[in-house]
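# The sequence isn't on hand, but the structure is:
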Ligand code: NAP
Ligand code: ZN
C-alpha cells in the first residue's frame, strides 16, 4: 500500500483536518500522480457533510485534480512519467456494459467515483484530491495541455465537463438563446462554453453584485432572478436552460421562460428536493425537464482539448489547504469568484 496524506472530514459537523491514509500501490495499468492542484466543488461540501447520505468517514474530497505523472505501470501506453495530467469525478467503471461501450462511463452501474466509492482493486474506499498523490487506471487519466495555467485548468475536470456535456448534448449553438442559472463554479463555466458555442447567453443570478461579472465572463445579458419584472422580460424566449443551483427552488419560474419544446436541464443536486414543477407549464408548450451527470472520459478529453484550443479556463482563487473550511463557508454564501483551487504545495505533512 502507498502511504499518503491530505485533508479529511471525520464526520458531518466538524471542520476538515489533516489525515494520513493508504492507497493501493500502483499496478501495471496505473498512473501514480503527484497532485499539484485540486478544485473545490460544491459536491465536496454536500458529501463532506453527508447531505446526500451514504458518506463513509473519514472522507478525503476532491475531484478536480491536476498533477504530474511520476510513475507509470509497465502496461501503461498512454502516459509517461513527467506528463501533466488530470483526474475528474471517476476513476474506474466496468468497461464492458453498453454505457461504457458508448463512452458514457458516468452511467455505468459500476462506476467508481474518485472519492467515497469502493476501490475494486483494494476493496477499500477511494480518496480524492485533497491529498499529495493519487493512483488511477490510465483509462481515467486525462491529458492536459501545457498552454493553459494548470491551477485554472483543475475546475474543468468537474465544473467544465458537467456544463460542456449538456450544452453539447442539446446541441447549443448560434441559433440558440440559452439561460444559465447560478453563477458559481459550474455556472461560470457554462457561460463561457455557451458563448464559445455561439449562443446568445442570459445569466440568471440571485446576487446583484455578479451582474457585471456575468457580462465580463461572456453573458449577453444578466438577470437578477429575484426581480419578477426582469424575469418576465424573458418569458417564452429561451431554447435551453442549464440550472446549476445547489439549493431547492421553484422550477416553474424557469420553465415559463422556455419556448415551445424548450428544455430545462438540472445539474445542481440539492440535499432536499425542489418543489414539484407544475404540469401545466410542461404540457402546454411541450417543454422538457431533464438532468445531466458530469460526462464520459472521451468527452472530457474533447472538452479539455477544446479549452486548450480556445484558451478557456476557470476564474479561480488559489488557496492553501488550511483555508478549506473558510472556503466552504464562503461557497455556501455564494462568495467565490468563481472556483477555489487548493495549491497542494501548501499541504501540511503532519
Ligand atoms: P457553487 O460554486 O457553490 O455555485 C452554486 C450557485 O448557485 C451559487 O453561486 C449561487 O449563484 C446559486 N445559488 C442560488 N441560491 C443558492 C442557495 N440557496 N444555495 C447555494 N447556491 C445558490 O456550486 P457548484 O460547484 O457550481 O455546484 C452546483 C451544484 O451542482 C451543486 O449542487 C453540485 O453538487 C452540483 N454538481 C452536479 C454535477 C453533475 O454532474 N450533475 C457535477 C458537479 C456539481 P448566484 O449567486 O449566481 O445565484
Ligand atoms: Zn464536482
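Nice, thanks for sending it over. Everything numeric in this text was worked out from a predicted model, so none of it was measured. Ligands and ions are numbered 1, 2, ... in the order given.
# In contact with the residue in the stretch 51-200 of the chain that ligand 1 sits nearest to, which residues are there?
The nearest approach of the stretch 51-200 of the chain to ligand 1 comes at residue 184, 1.8 Å away (CB to the nearest ligand atom). The way it works is simple: take the backbone N, C-alpha and C, and place the C-beta from them, glycine included. By CB atoms under 8 Å, 6 or more residues apart in numbering, the residues touching residue 184 are 42, 244, 246, 331, 334, 336, 338.
# If you tally nearby residues, what's the number for the last one?
This points to residue 338. Look at residue 338: counted by other CB atoms under 10 Å, it has 22 neighbours.
# Once you drop chain neighbours, what's closest to residue 311?
residue 148 (7.4 Å; CB to CB, 6 or more residues apart in numbering).
# The one you found contacts residue 314, doesn't it?
No: look at residue 148 against residue 314 with CB atoms under 8 Å: they stay out of range, at 10.0 Å.
# And for this protein, the residue most distant from the center?
residue 284 (33.3 Å; CA atoms, centre = their mean).
# Per-residue pLDDT of that residue, please?
We have a pLDDT of 94 for residue 284.
# just residue 350 next, same as before
63.
# any idea how far ligand 1 is from residue 5?
25 Å (CB to the nearest ligand atom, to the nearest Å).
# Ignoring the adjacent residues along the chain, who's closest to that residue?
Nearest to residue 5 is residue 20, by CB to CB, 6+ apart, at 4.9 Å.
# show me what contacts that neighbour?
3, 4, 5.
# what's the answer for residue 248, then?
270, 272, 273, 274, 275.
# Now the second one: phi and psi?
Recorded main-chain torsions at residue 272 are phi -130, psi 150, according to degrees, to the nearest 10.
# try the third one
The phi/psi pair for residue 273 (degrees, to the nearest 10) reads phi -70, psi 160.
# And it, how far from residue 251?
Applying CB to CB, to the nearest Å, the value for residue 273 to residue 251 is 10 Å.
# So between these two, which is more surrounded?
residue 251 (21 against 7).
# Spatially nearest residue to that one, not counting backbone neighbours?
Using CB to CB, 6+ apart, the nearest residue to residue 251 is residue 277, at 4.4 Å.
# need the contact list for the one you found.
Going by CB under 8 Å, 6+ apart, the list of residues near residue 277 reads 251, 252, 255, 289.
# out of those, what pair is the most spread apart?
Pairwise distances across the contacts of residue 277 peak at 10.6 Å for 252 and 289 (criterion: CB to CB).
# what does the stretch 201-350 of the chain have sitting close to ligand 1?
205-207, 210, 244-247, 267-269, 292-294, 331, 334, 336 (CB under 6 Å from any ligand atom).
# Where strands are concerned, which of those residues count?
residue 205 (DSSP state E).
# Pull out the buried residues from the residues of the stretch 201-350 of the chain next to ligand 1.
205, 207, 210, 244-246, 267-268, 292, 294, 331, 334, 336 (16 or more other CB atoms under 10 Å).
# List just the nearest of the residues you listed to residue 235.
residue 205 (18.2 Å).
# Next, the residue nearest to that closest one when sequence neighbours are not counted: secondary structure please.
Nearest residue to residue 205 in three dimensions, chain neighbours excluded: residue 183, at 4.8 Å (CB to CB, 6+ apart). Going by DSSP: H, G, I helix; E, B strand; the rest coil, the secondary structure assigned to residue 183 is coil.
# Compute the distance between residue 183 and residue 276, please.
Noted for residue 183: a distance of 26 Å to residue 276, by CB to CB.
# where does the protein dip in pLDDT?
The chain contains residues with pLDDT under 70 at 350.
# How about the residues of it by ligand 2?
41, 43, 158 (CB under 5 Å from the ion).
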